[in-house]
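1. With the input below, show me the fold.
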Amino acid sequence: MSTVRTLGRLLVVLLGVGLAASAGIGLVWAVPEFTGLGLLDTLLIAVIAVGGFVFAARLAGELFPAYNVAEVAVEDVITRDGDGGGPLPVGGGGASADDIVEQIEEADRDSNAEALIVKLNTPGGAVVPSEDIRQAAEEFDGPTVAYAEDMAASGGYWIASGCDEFHAREASIVGSIGVVGSQLGRTGLAEKVGLDYRRFVAGEYKDSPSVWRELEDREVEYFQGLLDDWYDAFVDTVVDGRDLDEEFVRDTEARIYIGEEAAENGLVDTCGPREVMEDRLASSLGVEEISVETFEPDQGVTDRIGMGARSVARAFGAGVASVLVGDDVPRIRT
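-> Reported below is the predicted structural model:
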């Protein structure tokens with residue numbers, strides 16, 4: 001925290017306490033003489049002074065904030081609403097793109113947040129949610145830094161492409177610039193238990209790909225074309241955002257790299273402890289040091305209960321659906 005902020009906060013608090021104490025003394029004088037007990041006077045002044053201190057502290061925090069940089073974390077698999085897609089209501093959580101975008105936008109509206117750190121601990125996730133987070137970071141009004149703490153792979157790298165700089169730890173996992181869409185076929189199982197797939201569709205590709213029948217060559221070509229289109233979009237995003245050569249990006253063939261190697265080949269800008277990143281950010285802001293405030297969704301007891309109920313409902317619904325119709329659509333993710 002800068003000296004100006006520290007002195008400003010102290011001054012506001014002292015003024016608030018002084019005004020509150022003066023008001024308490026004035027009230028005591030206004031009380032009729034027969035109620036003017038010494039102990040009561042002291043307690044009354046103390047209560048008012050404490051109230052004034054609390055109010056002054058809050059006011060000081062607004063006028064002279066203790067932070068100048070906002071940090072938003074992207075942790076776990078990236079999804080639209082934080083549903084990791086697991087079959088059980090526990091251990092299947094993910095990073096909610098909607099919540100993360102909301103926190104970035106809140107930080108952008110906060111005049112105290114002069115810069116943004118996007119902390120990445122993610123193996124990737126859904127394509128469009130990853131793009132939404134990337135775009136929100138790109139639109140932040142101020143310097144932005146993507147910080148790969150443990151892993152910034154696939155969708156995490158997509159998001160980093162929207163930041164001004166990308167910093168990784170020496171052993172962080174970075175890269176995996178690619179798209180995957182796969183499913184588990186069940187034709188062999190169906191034959192063993194005597195199941196027949198009876199096809200009723202309107203639209204030639206409506207049930208494609210189906211796990212209960214072998215794919216035709218035209219279907220494989222069709223879905224590979226979709227993956228190629230998403231991959232091209234991923235490459236274009238990285239090339240534009242990270243200012244990298246397209247041929248180099250494609251030649252990585254979705255490999256992952258540790259932080260030091262990623263820095264050597266240009267996939268990240270800098271590599272080292274977090275302090276290195278913070279010093280560079282402080283320099284870009286023209287201050288000696290930065291003070292970071294973490295922006296995250298507020299979750300009260302009601303919110304947590306609601307999330308648990310929704311998770312159970314999703315798990316139950318997913319279980320019923322898998323029995324009735326099967327998991328026919330492969331998950332497409334970066």
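2. In this structure, mark out all the strands, start to finish.
-> Counting by DSSP state E, one finds strands in the chain at the ranges 69-75, 78-79, 95-96, 115-122, 144-153, 165-168, 173-175, 180-182, 256-258, 270-271, 292-294, 331-333.
3. Can you check which of the ones you listed gets nearest to P129?
-> Counting by Cβ to Cβ, P129 lies closest to strand 78-79 out of the strands of the chain; the figure is 5.3 Å. Glycine gets a C-beta too; all of them are placed from N, C-alpha and C.
4. Columns mean neighbour count on top of the strands of the chain, output as a markdown table?
-> Listed next are the strands of the chain as a markdown table, based on neighbours: other Cβ atoms under 10 Å:
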| stretch | mean neighbour count |
| --- | --- |
| strand 69-75 | 22 |
| strand 78-79 | 27 |
| strand 95-96 | 23 |
| strand 115-122 | 24 |
| strand 144-153 | 25 |
| strand 165-168 | 26 |
| strand 173-175 | 24 |
| strand 180-182 | 14 |
| strand 256-258 | 18 |
| strand 270-271 | 18 |
| strand 292-294 | 15 |
| strand 331-333 | 17 |
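5. Which of the ones you listed sits closest to D229?
-> Short answer: strand 331-333, nearest of the strands of the chain by Cβ to Cβ, at 10.7 Å.
6. mind listing the helices for the stretch 201-334 of the chain?
-> Secondary structure of the stretch 201-334 of the chain (DSSP state H, counting those that start in this stretch): helices at 217-242, 246-251, 259-264, 274-285, 301-324.
7. Least confident of the ones you listed, on average?
-> Set side by side, the helices of the stretch 201-334 of the chain differ in mean pLDDT, and helix 301-324 is lowest with a mean of 41.
8. need the strands of the chain in TSV with mean pLDDT and distance to W212, can you?
-> As requested, the strands of the chain are exported to TSV (pLDDT from 0 to 100; distance: least, Cβ to Cβ, whole Å):
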stretch	mean pLDDT	distance to W212
strand 69-75	96	36
strand 78-79	94	26
strand 95-96	91	33
strand 115-122	97	33
strand 144-153	97	32
strand 165-168	97	43
strand 173-175	96	36
strand 180-182	81	16
strand 256-258	96	34
strand 270-271	96	48
strand 292-294	94	47
strand 331-333	71	18
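9. which stretches of the stretch 1-150 of the chain have low pLDDT?
-> Confidence mapping of the stretch 1-150 of the chain against pLDDT under 70 gives the ranges 1-65, 83-93.
10. change it to 80
-> The model of the stretch 1-150 of the chain has pLDDT under 80 over residues 1-66, 82-93.
11. what's the neighbour count on I290?
-> 22 (other Cβ atoms under 10 Å).
12. cool, D240 as well?
-> Neighbour count of D240, defined by other Cβ under 10 Å: 12.
13. tell me the contacts of the nearest residue to it once chain neighbours are set aside?
-> Distance criterion Cβ to Cβ, 6 or more residues apart in numbering; nearest residue to D240, sequence neighbours excluded, is S161 at 7.5 Å. Contact partners of S161, counting by Cβ atoms under 8 Å, 6 or more residues apart in numbering, are 134, 237-238, 240-242.
14. Show me where the stretch 51-200 of the chain has its helices.
-> Under DSSP H, counting those that start in this stretch, the stretch 51-200 of the chain gives helices at 97-109, 127-138, 155-160, 187-193.
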